[in-house]
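task: produce atomic coordinates for the following.
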Amino acid sequence: MLSVVATRYAKALADVVTAPGSGVEAAQVLAQLQRIQALIESSADLRNALASPAVAPSRKRAVMEKLVGPLEVSRQVRNFIFVVIDHRRIQEFASIIDAFERFIDDRLGFVRADVTSAHELTNVQRELLQAQLTRLAGREAKLRYATDPALVAGVVARVGSTVYDGSVRGQLDRLRSKLEG
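Next comes the predicted model:
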C-alpha cells in the first residue's frame, strides 16, 4: 500500500512530466528514477547520509548532483530529487517511484496486473495471459510476474482489486470450503 506522501509526490511529478511542452517522456523519467534508486540502494553510506538530519540539505544536494551527473538525468528529475531531499522524504523514494509508475500507466491507459504462477511462464504463455487480462480489464495490461511454488500449478492474477485465481491451491481451498460448509 502506497503512503499518502508517496502518492502526493508522485502525482506532482506525473503532472510535471505529462504537461504539454515538458520536454521529457514518462518512460525516460521512470528509467532515470529507477537508476537513481539503484544508486541509492547500492550504498549504505549514501542512504544514511541522505536520511540523516545532521547532514545539511545543501550538502545532500551537492553529493547527489555529483552522483547523478554521469547518469544524464533530465532537469525535471534532478530538481525532483532535490525537492525530495529538501523535504526529508528520501526514505519514501522507492514508494514514490512505484506510485509515479502507477500514475503514468493510468494516464497512458494501461492497467497494472500482478501475475503469480507456480512455475516460470513461457513467452507464449505470457502473451496469451496478457491478451486475456487486457480483454478482461478493457485496457492494455502491463504484467509483472512472480513465482510461488505453493500454488502447485496454475496462475493467480491481480488486476486492481480483482483477483483471478486459476491455481490448484485456490481450487483446493474452494473445495475445502464447500466440504466444510
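
can you tell me how far the spatially most central residue of the chain is from Gln37?
Of all residues in the chain, the one closest to the mean position by CA atoms, centre = their mean is Asp98, 3.0 Å from it. Remark: distance between Asp98 and Gln37 (CB to CB, to the nearest Å) = 10 Å. Just so you know, the C-beta spots here come from the backbone N, C-alpha and C atoms, and that holds for glycine as well.

what are the boundaries of the strands in the protein?
110-117, 140-147, 155-159, 162-165 (DSSP state E).

tell me the angle the second one makes with strand 155-159.
Regarding strand 140-147 and strand 155-159, their directions subtend 140 degrees when assessed with axes from the mean of the first three to the mean of the last three CA atoms, to 10 degrees.

and strand 140-147, what's buried?
Ala141, Leu143 (16 or more other CB atoms under 10 Å).

over to stretch 83-101?
Val84, Ile85, Arg89, Ile90, Glu92, Phe93, Ser95, Ile96, Ile97, Ala99, Phe100, Glu101.

ok, now stretch 110-118?
Result for stretch 110-118 [16+ other CB under 10 Å]: buried residues Phe110, Val111, Arg112, Ala113, Val115, Thr116, Ser117, Ala118.

now render those residues as CSV, adding distance to Ala31 and pLDDT.
Shown next, in CSV, are these (distance: CB to CB, whole Å; pLDDT from 0 to 100):
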residue, distance to Ala31, pLDDT
Phe110, 16, 87
Val111, 21, 87
Arg112, 17, 86
Ala113, 21, 87
Val115, 22, 90
Thr116, 25, 90
Ser117, 26, 88
Ala118, 31, 85
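
closest to Val55 out of these?
Minimum distance to Val55 across those is 35.6 Å, recorded for Arg112 (CB to CB).

can you put the strands of the chain in TSV and add distance to Leu30?
What follows is those, written out as TSV (distance: least, CB to CB, whole Å):
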stretch	distance to Leu30
strand 110-117	12
strand 140-147	12
strand 155-159	20
strand 162-165	25
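
which ones are touching the nearest residue to Val155 once chain neighbours are set aside?
Nearest residue to Val155, sequence neighbours excluded (CB to CB, 6 or more residues apart in numbering): Ser117, at 4.7 Å. Contacts for Ser117 (CB atoms under 8 Å, 6 or more residues apart in numbering) come out as Tyr145, Ala146, Thr147, Asp148, Leu151, Gly154, Val155, Val156.

so the third one versus Ser74, what's the distance?
Summarising the geometry, the distance separating Thr147 from Ser74, computed by CB to CB, is 35 Å.

got a list of contacts for the worst-scoring helix or strand of the chain on mean pLDDT?
Each helix and strand of the chain was given a mean pLDDT (mean pLDDT, DSSP states H and E); the minimum falls on helix 168-180 at a mean of 78. Here helix 168-180 makes contact (CB under 8 Å, 6+ apart) with Ala118, Ala150, Leu151, Val152, Ala153, Gly154, Val156.

sweet, I'm off.
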